[in-house]
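Engineer: what follows is a predicted structure for the sequence shown.
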Amino acid sequence: MRWLPVLYVVVLLLLEPVTPVEWPVSFVLIALPLVTAFAHGPAVVAGSAAFAVFLEGVLAGTPCCAGREVGYLWDRHYVAAYICTALVGVLGTILAAHRTHRERTLADVRFVADIAQRVLLRPVPHRIGSLQLDSLYLSAAAEARIGGDLYEAVPTGYGVRLLIGDVRGKGLLAVETAAALLGAFREAAHDEPALPALAARVETSMDRRATQLGGHEVVERFVTAVFVEIPPEGQLIRVVNCGHPPPVRIRSGEVRELDRGHSAPPLNLGMLLGEPYHVDTYDFLPGDQLLLYTDGITETRDANGTFYPLLQRLGSWRTLPPRGLLERLHQDLLAYSGNRMQDDIAALAVRLPADEPSLPPPSPAG
């Protein structure tokens, strides 16, 4: 785009000598300031307008151009072109100044959003004890950096505790709800010895926060989530599911959804329904990998409207470590959807390497 004005002038100069006198191509120089305004600042646009007027005069006053026998420097049609070019130059300069201001504002907003994301969704450690971890977050909107999908991994005295969740809705309310949930989880993960008690405490915090915010959306302000605990002794995982897509365990020869039909309601709805949290326990052996994800992945569609076949894809990536697995998943989702993501996406991958069969206890809560 930055070279478009130059290309525009070069094409015009090539056409001018070969066009009839009745069709003076130099008149299209009137648009040069607007072409320049697409990619340049107001000073460059003003300079291009002055250059366009000068070049129009040169072409009009040169008898040899377009087969003319005399120049038309002060012909009324060319004088009108000079005036129009100057007016378009003024408009283009204003447009360029406005565009530059908006770009700076957008850059500032994105900078603030990047900072907010690093606070809200800080990168998980790539190593906790024997566990290898990595995370993925994709926003459906190119302008956005944060949304309602969330994840966290916290080493505690009870083991490594993981969370992935998806806030209902979009916008600032979803971001605020995600921030409140993450804050509650990061604090309660060190204090509650049992996973159901951890989920209940997070839900209590969410309910209190929703009530404080008020409004008619309190009942609808809920979050689907999965809580996972990998105890210090390793070899197993505990899962509490609150209305969220189940985790996937990946091991040699098997890709399995960890779902026994005991899911509790989403957070902030469980207190209304009064249903207890249920803990499911599964083997987690050396070489196994666990994938937690939000429904933006499985609801990604191709051009024919077919949902993304997550389990089928994971079957061919069983040997990849967490970072490689999520990078491949990221690339495959973009290719599958044709770079048209419809929803935010979050994923958390955890692997117990085969050469490290036990998980040393994490540092106790401080």
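Structural biologist: Everything's here; your move. Numbers count the residues shown, from 1 in each chain.

Engineer: from the centroid of the protein, which residue is nearest?
Structural biologist: S139 (2.4 Å; Cα atoms, centre = their mean).

Engineer: can you count the residues close to the residue nearest to A303 when sequence neighbours are not counted?
Structural biologist: Leaving aside its chain neighbours, A303 sits nearest to G338 (6.1 Å; criterion: Cβ to Cβ, 6 or more residues apart in numbering). Quick note: C-beta positions are derived from backbone N, CA and C, even for glycine. Neighbours of G338 under the rule other Cβ atoms under 10 Å: 10.

Engineer: go on, P193?
Structural biologist: By other Cβ under 10 Å, the residues close to P193 number 9.

Engineer: contacts only, for it.
Structural biologist: Y158 (Cβ atoms under 8 Å, 6 or more residues apart in numbering).

Engineer: report the next helix or strand after the helix or strand that contains H101 in sequence order.
Structural biologist: Here H101 sits within helix 76-120, counting by DSSP states H and E. Using DSSP H and E, the helix or strand that follows helix 76-120 in sequence is strand 127-128.

Engineer: quick one: V28 is in a strand?
Structural biologist: No. Counting by DSSP: H, G, I helix; E, B strand; the rest coil, V28 is not part of a strand but helix.

Engineer: mind listing what it touches?
Structural biologist: Contacts of V28 (Cβ under 8 Å, 6+ apart): L12.

Engineer: pLDDT wise, what is it at?
Structural biologist: V28 is assigned 82 on the pLDDT scale.

Engineer: how close does it get to T298?
Structural biologist: 52 Å (Cβ to Cβ, to the nearest Å).

Engineer: what sits against I94?
Structural biologist: P42.

Engineer: from V53, how far out is it?
Structural biologist: According to Cβ to Cβ, I94 stands 18 Å off from V53.

Engineer: one more: A303?
Structural biologist: Taking Cβ to Cβ, one finds A303 at 49 Å from V53.

Engineer: and P361, what's its pLDDT?
Structural biologist: Model confidence at P361, given as pLDDT, is 49.

Engineer: whoops, I mixed them up, E143
Structural biologist: pLDDT for E143: 50.

Engineer: any stretches of the stretch 151-300 of the chain with poor pLDDT?
Structural biologist: For the stretch 151-300 of the chain, the stretches with pLDDT under 70 are 170-171, 213-221, 270-275.

Engineer: where exactly do the helices run in it?
Structural biologist: For the stretch 151-300 of the chain, the helices defined by DSSP state H, counting those that start in this stretch occupy 171-188, 195-213, 270-273, 295-298.

Engineer: list the helices and strands the second one packs on?
Structural biologist: The elements that helix 195-213 packs onto, with contact taken as 3 or more Cβ pairs under 8 Å, 6 or more residues apart in numbering; DSSP states H and E, are helix 171-188, strand 223-230, strand 235-242, helix 270-273.

Engineer: and that helix, how far out from the chain middle?
Structural biologist: 27 Å (Cα atoms, centre = their mean, to the nearest Å).

Engineer: could you do the first one as well?
Structural biologist: For helix 171-188, the distance between its averaged C-alpha position and the chain's averaged C-alpha position is 18 Å (Cα atoms, centre = their mean).

Engineer: that helix: which residues count as buried?
Structural biologist: Using 16 or more other Cβ atoms under 10 Å as the test for burial, helix 171-188 gives 173-182, 184-185, 188.

Engineer: just the residues you listed now: which is nearest A60?
Structural biologist: V175 (58.7 Å; Cβ to Cβ).

Engineer: right, and the closest one touches L121 too?
Structural biologist: No. With contacts counted by Cβ atoms under 8 Å, V175 stays clear of L121, the gap being 10.2 Å.

Engineer: okay, now the domains of the protein?
Structural biologist: Per the record, the chain has its domains at 4-112, 121-351, by automatic domain parsing.
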